[in-house]
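**Q** Need a 3D model of the sequence below.
(2 chains)
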Protein chains: 2
Amino acid sequence: MSAILAIGPYTDAERTAFAAELKPAFVGTRDELAALDAATCEAVKAIAYKGHHAFGGAEMDRFANLGLIANFGVGYDAIDVDAASARGIKVTNTPDVLNDDVADLAIAMWLMQGREMRQAEAWVRDGSWGEKGPVPLNRKVSGGTVGIMGMGRIGRDIADRLAAFKCDIHYHARSEKETPGWTYHADPVDLARAVDFLFVALVGGPATEKYVSKEVIAALGDKGVIINISRGSTIDEEAMLDALETGALAGAGLDVFVGEPHLNPRFQKLDNVVLQPHQGSGTHETRAAMAKLQRDNVAAHLAGRELLTPVN
Amino acid sequence: MSAILAIGPYTDAERTAFAAELKPAFVGTRDELAALDAATCEAVKAIAYKGHHAFGGAEMDRFANLGLIANFGVGYDAIDVDAASARGIKVTNTPDVLNDDVADLAIAMWLMQGREMRQAEAWVRDGSWGEKGPVPLNRKVSGGTVGIMGMGRIGRDIADRLAAFKCDIHYHARSEKETPGWTYHADPVDLARAVDFLFVALVGGPATEKYVSKEVIAALGDKGVIINISRGSTIDEEAMLDALETGALAGAGLDVFVGEPHLNPRFQKLDNVVLQPHQGSGTHETRAAMAKLQRDNVAAHLAGRELLTPVN
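**A** Prediction:
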């Protein structure tokens, strides 16, 4: 019996570090979770959660002594926080330690899409360069007019990088922020109308579902490019696919998808998109820092100390 | 007979703009150049040069009234400037207008190599994500220790971007520059020993041939990554290939190659490299600005005005 239940696809390195520090029980799949016996559930005081499957009130009610759900990741939309709060269960996440990696990937997708680097790399690797001559010209991205949708910590890290690329920076958020003179738009469609490149850095969850709507996509226009490192749910994916297929939208760089990892197969047929497998925080260094922060929250809860990064 | 001879692979858009402004004669290939008759050569006062084939004293001596060779590109190592100076021929290039694009591509190759984005994109496109699970973790690049080899205008634009990625910046140049506290190394091997990521932004030509030597490559070590947007000649390519094949060097992002576009086929067999077809300045916007600057230099020469961007 362990007071800690670690749920999800932990890597070997994460399991080893976890086991050395806190000796949790591990549950890799939802079937294994469903099969836990009553005595094991009774012993659990803290759950270390990793993954994107929903974890709601019904799941929480199996654990009578559960006091903490420590999420692996900054986005905790898989966890029903209202249900947790109603049961006196605290929730933590792993903010900040992953901001740099996610912002890096956003910038990289922006550059890779505009400069058609996937196509250019294929041109070199298949010998076209030597046989057919130079690769077709592509699009300048630095100095462009860019919009950030959602100016939280990650949005800010993206904007700070874009400033070094000499971009004209606009943003939309619930309220105006202190910035170095960037342009605030209270309305998301107004933001889209003003910019060529739109970076989506919203939080996930029901409140932001299809926040990048058909109207926002139309306002970006045929020079518009969407970069999304938030959640697939934040964009009206069908409207975006329609626009990408017809050229009503110039392109996209996407790390997240509705139904991932089983994305809509229309994406793979497109040549004007960069497609990444939700790897925003997927570096050895950052995943280790996220796992450490998750363990530290668990340890703090068990020792009765203040949680490091509570969300409720 | 035209006073202007435009040599090289000009695009249709460039030819149209050139013809409208200056009515040059166009010569697309070296065979066409060799076939020009004496009267045509006699009329030529300015050559607008585009390409990487050598243009030396023997070529210049065919044009008795040649006063200017206006190069398309910032790097003019194809043109024998000493031979031109000895004949009283001025040479111009197209600096600055391409700095942003070249710096963008350098940053993009750095991110794409470290975050293994080519591999990750293939993982999405071939369905591996849905079938096999998450892509393997890769490497954090922001916050890294980076070196710039050659702190001219492009090196500076690369460094300014890297500063926004929170990197610790070191550099080597002929002399120490005014910087925001970046670390100067008088010796290139010392620079390589101090950093994990080396950006090569040297000028081309005989003086920098294999400047990134076997010793520099060894000093970078097995976490080292080389990003080259200068010229293939600036790196000891055989030593780099050996190190990339054995893992003595972690990776590379390369836009330029010895003998390009016919690069050493050992490159295409590597998985730890990003390979781009010398497209640093290859955007519609920047190529148009380069062509305009070249034409403006030609027009200034013919009108007896001061050249905009002379190099001798």
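
**Q** Would you mark the buried spots in stretch A:286-306?
**A** A:286-301 (16 or more other Cβ atoms under 10 Å in any protein chain shown). Every residue, glycine included, has its C-beta placed from N, CA and C.

**Q** what subset of the residues you listed is also close to chain B?
**A** Counting by Cβ under 8 Å from any Cβ of the partner chain, A:286, A:287 from those sit close to chain B.

**Q** ok, which stretches of chain A are strands?
**A** Listed in chain order, the strands of chain A (DSSP state E) span A:4-7, A:25-27, A:46-49, A:68-71, A:90-92, A:145-149, A:168-172, A:183-184, A:197-200, A:225-228, A:251-254, A:273-275.

**Q** Residue B:27 is nearest to which of these?
**A** strand A:251-254 (36.8 Å; Cβ to Cβ).

**Q** so how far is that closest one off the chain centroid?
**A** Chain-centre distance of strand A:251-254: 14 Å, with Cα atoms, centre = their mean, to the nearest Å.

**Q** now swap in stretch A:86-105 and tell me
**A** 10 Å.

**Q** Straight-line length of that stretch, end to end?
**A** 37 Å (Cα to Cα, to the nearest Å).

**Q** Can you list the buried residues in that stretch?
**A** Applying 16+ other Cβ under 10 Å to stretch A:86-105 flags A:89-95, A:97-105 as buried.

**Q** now it: mean pLDDT?
**A** Here stretch A:86-105 scores 97 as its mean pLDDT.

**Q** How about stretch A:182-189?
**A** Mean per-residue pLDDT for stretch A:182-189: 98.

**Q** Alpha carbons only: can I get it in PDB?
**A** Extracted in PDB, the C-alpha atoms of stretch A:182-189 (Å, rounded to 0.1, in the frame of the first residue of the first chain):
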ATOM      1  CA  TRP A 182       2.700  46.300 -27.600                       C
ATOM      2  CA  THR A 183      -0.900  46.800 -29.000                       C
ATOM      3  CA  TYR A 184      -3.800  45.500 -27.000                       C
ATOM      4  CA  HIS A 185      -7.000  44.300 -28.700                       C
ATOM      5  CA  ALA A 186     -10.000  43.700 -26.500                       C
ATOM      6  CA  ASP A 187     -11.600  41.700 -29.300                       C
ATOM      7  CA  PRO A 188     -10.000  38.500 -30.800                       C
ATOM      8  CA  VAL A 189     -11.300  39.200 -34.300                       C
END
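
**Q** picking that back up, of all the strands of chain A, which lies closest to residue B:179?
**A** Residue B:179 sits nearest to strand A:168-172 of all the strands of chain A, at 24.8 Å, using Cβ to Cβ.

**Q** any idea of the angle that closest one forms with strand A:145-149?
**A** Taking axes from the mean of the first three to the mean of the last three Cα atoms, to 10 degrees, strand A:168-172 and strand A:145-149 form an angle of 20 degrees between their directions.

**Q** Identify the residue nearest residue A:40 in space, chain neighbours excluded?
**A** When the adjacent residues along the chain are set aside, residue A:40 lies closest to residue A:1, with 6.4 Å between them (Cβ to Cβ, 6 or more residues apart in numbering or on different chains).

**Q** mind checking pLDDT for that neighbour?
**A** Confidence score, pLDDT, at residue A:1: 78.

**Q** Likewise for residue A:238?
**A** Per-residue confidence at residue A:238 stands at 98 (pLDDT).

**Q** can you pull the contacts of the residue most central in space within chain A?
**A** For chain A, the residue nearest the mean C-alpha position is residue A:230 (3.8 Å; Cα atoms, centre = their mean). Contacts of residue A:230 were listed using Cβ atoms under 8 Å, 6 or more residues apart in numbering or on different chains, and they are A:75, A:150, A:200, A:201, A:202, A:203, A:204, A:208, A:256.

**Q** on that earlier part again, so which of the buried residues of stretch A:86-105 also contact chain B?
**A** Among those, the ones lying near chain B by Cβ under 8 Å from any Cβ are A:100, A:101, A:103, A:104, A:105.

**Q** Contacts only, for the first one.
**A** Going back to what we said before, that points to residue A:100. By Cβ under 8 Å, 6+ apart, the contact list for residue A:100 reads A:157, A:286, B:140, B:142, B:143, B:165, B:166.

**Q** give me that answer again for 7 Å
**A** Residue A:100 makes contacts with A:157, B:142, B:143, B:166, as judged by Cβ atoms under 7 Å, 6 or more residues apart in numbering or on different chains.

**Q** could you redo the residues you listed as CSV and give each row distance to residue B:47?
**A** Below are the contacts of residue A:100 laid out as CSV (distance: Cβ to Cβ, whole Å):
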residue, distance to residue B:47
A:157, 48
B:142, 45
B:143, 47
B:166, 46
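
**Q** ok so, going back, give me the subset of the buried residues of stretch A:286-306 lying in helices.
**A** In this view, the buried residues of stretch A:286-306 that belong to helices under DSSP state H are A:286-301.
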